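Predicted model and sequence follow; I will ask about them next.
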Amino acid sequence: MSLQPYSFAKRVPALSPIGAAQATSRSDLIPFSYGTPSSDLFPYQELQEAASAAILQEGRDSLQYAGADGPQIVQDWIANRSKLRSIHVQSNQVLVTYGSQQAIDYAARTLLEPGDHAWVEAPTYFGAVNTFKAAEAIITSFPIDENGLQIELVEEALKEAVRVGQPIPKFVYVMPNFHNPGGVSLSLSRRKRLAELAYEYNFFILEDDAYAELAFEREHIPAIYNFAPERVIYLSSFSKIIAPGIRLGWAIASADVIRRINTFFQGSMASVFSQEIVAQLFQKLSFEDHLEMLITRYKSSRDIMVEALRQHFGDGITFQIPNGGFFIWLKFPDHVNTADLVQDANERGVSFIAGNQFFVKPEGARYARLSFSYCNEEQIRKGVEILAHSYNSYLSKIK
C-alpha cells in the first residue's frame, strides 16, 4: 500500500529546535547556545536522598494520581517564596505545571482564540512565540532598551488601536527580570505603568520570570503582578534553581484564572512524583545556601565572559552587563549579519544563537546571544577567543 500525503493541523508550526534543544553529541563543541544551568550545580546528593524518601516514606501515595503531601508543600513553598517579589497569594492561586513552557502554553490557550492579538517584546523568547503561533495568534512586537520593554511605545499603540478601531491585544508577554536574550530588567516605573495600562485597556500580562532568583545583587523589584493581580499571570520555574529534568514550573493568578488554566489538566496534576521529590528536597537542602552557590558561580561566569569579550573584541561590539540570569546580548556593527557566522563558528568549535532568531519580524541581524551559564571558565575563555577568530574571518570576507 502506498502512503498518501496527510494534511496536518496548520496550527503546529514546522520549526526546527533552537538553543538548548540543539543538543549535540559533539563533545568538543563549546555551547554558548545552551540557555541551561550548569550540570555541576545540581544538588545530586540531596536529590538522591529526596527521591529515596519519596519512595520509601510516601511511596504508596506519591506514585498515585494525586500524590501524597508533596503537591501541597510545593504550592505553599511557591506562595511563600513569592513574597520576596511582593506577590501575596493563597496556595490555591498557584498551579504547578510541567515546566514554565507548559504554563505559557496553558495560559495562552486560556486567553487566546484563533486570530486574537498577542504583543511581545523585541527581542523575545522564541519558545513563547512558537506557542503563540501554535495558538494562531497575531503577534506584534515592541522594542526593549536598557530598562526593558519600552512601555511608552506600547501605550501609543494602544491609543492608536482604539482610535482606528483595531483589536486590543489579549495579552502582553514580558520577561521582567534578566531578559532572555536581552539580559535587561524592566524598571519599576515601567512595571507600574504597564499594570495601569492592563486595567485601562483590559488586557492580561503574561509575566515570565524564570530567572528571578538569579539576582546577582540580591535585589528584588516588585513583580508586575503586585500592581495588577487581576490582570497578570505570573510564570516561573524550578529549572534554573534545581534542575531542568525535574520539569516543574508554575503559574500564579487569580483563583478564577487558575481554575480556567487548570481545566487543561483534565483532572490530573503535573508530575506528582517530581513534586514529592521537590517537597522532600526542601527538607534536606538549605535553599539559601544552594542559591548563594548558584549566584556566586553564575556571577563569576558572567564576569569571565565580559572580560574575555573585552579582551578579544574590544570596541568592535557593545553589550550591557546583566545583573542576573544566563545571557549576554551582543550588538555588532550595522553591516554584520550574525546568522552568517553560525556555521563557521560551529566548525571552529563554538555555538551561539544569531539575533534574528529572537524577533517576530525580520530584524536583529546584528545581534547574538551568548549564554555564560553552562560552560566552565576554560570553555568560556576559549569559546570567546574562537568566536572572535570566526568574526574577524567574516569581516575580512565582507570588506
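Nice, thanks for sending it over. Numbering: from 1, shown residues only.

Stretch 226-246: end-to-end distance?
Taking CA to CA, to the nearest Å, stretch 226-246 runs 28 Å from one end to the other.

Give me the residues contacting the helix or strand harbouring residue 259.
Here residue 259, judged by DSSP states H and E, is contained in helix 255-262. If you take CB atoms under 8 Å, 6 or more residues apart in numbering as the criterion, helix 255-262 is touched by 90, 92, 93, 94, 95, 106, 107, 110, 233, 251, 252, 253. (Each C-beta comes from the backbone N, C-alpha and C, glycine too.)

So which residues of the protein form strands?
With DSSP state E as the criterion, the chain has strands at 30-31, 94-97, 117-122, 138-145, 148-149, 171-174, 204-208, 232-237, 249-252, 327-331, 350-351, 353-354, 367-371.

relative to strand 367-371, how tilted is the longest helix belonging to the chain?
Of all the segments assigned as helix in the chain under DSSP state H, the longest by residue count is helix 287-313. Between helix 287-313 and strand 367-371, the angle comes out at 140 degrees (axes from the mean of the first three to the mean of the last three CA atoms, to 10 degrees).

what's the weakest-modelled helix or strand in the protein?
helix 59-62 (a mean of 80; mean pLDDT, DSSP states H and E).

So which bits of that one are buried?
Across helix 59-62, burial judged by 16 or more other CB atoms under 10 Å covers 61, 62.

That one - contacts with which helices or strands?
Judged by 3 or more CB pairs under 8 Å, 6 or more residues apart in numbering; DSSP states H and E, the packing partners of helix 59-62 are helix 272-284.

ok, 10 Å please
Packing contacts for helix 59-62, counted by 3 or more CB pairs under 10 Å, 6 or more residues apart in numbering; DSSP states H and E, involve helix 44-56, helix 70-81, helix 272-284.

Show me how far that helix is from its chain's centre.
32 Å (CA atoms, centre = their mean, to the nearest Å).

Excluding its own residues, what touches it? List them.
With CB atoms under 10 Å, 6 or more residues apart in numbering as the test, helix 59-62 has contacts from 53-56, 67-71, 272-277, 279-280.

Now which of these would you call buried?
Among the contacts of helix 59-62, those classed as buried by 16+ other CB under 10 Å are 53-55, 67-68, 70-71, 272-277, 279-280.

So which of the residues you listed sits lowest on pLDDT?
Among these, residue 67 carries the lowest pLDDT, at 82.

returning to that earlier point: between the strands of the chain, which gets nearest to residue 189?
Closest to residue 189 of the strands of the chain is strand 148-149 (CB to CB; 10.4 Å).

Show me how far that closest one is from its chain's centre.
For strand 148-149, the distance to the chain centre is 15 Å (CA atoms, centre = their mean).

got the contact list for residue 184?
Contacts for residue 184 (CB under 10 Å, 6+ apart) come out as 121, 144-149, 175-178, 320, 322-323, 325, 327, 329.

Just the buried residues of those.
121, 144, 148-149, 175-178, 322-323, 325, 327, 329.

So for stretch 117-127, first residue to last residue, what's the gap.
Taking CA to CA, stretch 117-127 runs 17 Å from one end to the other.

List the buried residues of it.
Under 16+ other CB under 10 Å, the buried positions of stretch 117-127 are 117, 118, 119, 120, 121, 122, 123, 124, 125, 126, 127.

can you check stretch 278-293 too?
Across stretch 278-293, burial judged by 16+ other CB under 10 Å covers 278, 279, 280, 281, 282, 285, 290, 291.

Provide a list of residues in contact with residue 150.
By CB under 10 Å, 6+ apart, the contact set of residue 150 is 121, 122, 142, 143, 144, 156, 190.

let's see 8 Å
For residue 150, the contact set (CB under 8 Å, 6+ apart) comprises 142, 143, 144.

Also residue 76?
residue 91.

Which pLDDT value belongs to it?
Listed pLDDT for residue 76 reads 97.

Ok, residue 13 next?
Looking at residue 13, its pLDDT is 61.

Farthest pair within the buried ones among the contacts of residue 184?
The most widely separated members of these, counting by CB to CB, are 121 and 323 (17.8 Å).

pLDDT value on the residue lying closest to residue 367 once chain neighbours are set aside, please?
Sequence neighbours aside, residue 355 is the residue nearest to residue 367 in space, at 2.7 Å (criterion: CB to CB, 6 or more residues apart in numbering). pLDDT recorded at residue 355 is 97.

Then the one 3 residues further on?
Reading off the confidence values, residue 358 has pLDDT 97.

State the number of residues packed around it.
By other CB atoms under 10 Å, 26 other residues sit near residue 358.

ok, now which ones touch it?
With CB under 8 Å, 6+ apart, residue 358 has these contacts: 122, 123, 124, 125, 126, 181, 364, 367, 369.

hmm, 7 Å instead?
Residue 358 makes contact with 123, 124, 126, 181, 364, 369, according to CB atoms under 7 Å, 6 or more residues apart in numbering.

what sits against the closest residue to the fourth one other than its chain neighbours?
Going back to what we said before, that points to residue 181. The shortest distance from residue 181 to any non-neighbouring residue, by CB to CB, 6+ apart, is to residue 369 (3.8 Å). Applying CB under 7 Å, 6+ apart to residue 369 gives the contacts 181, 327, 329, 352, 353, 355, 358.
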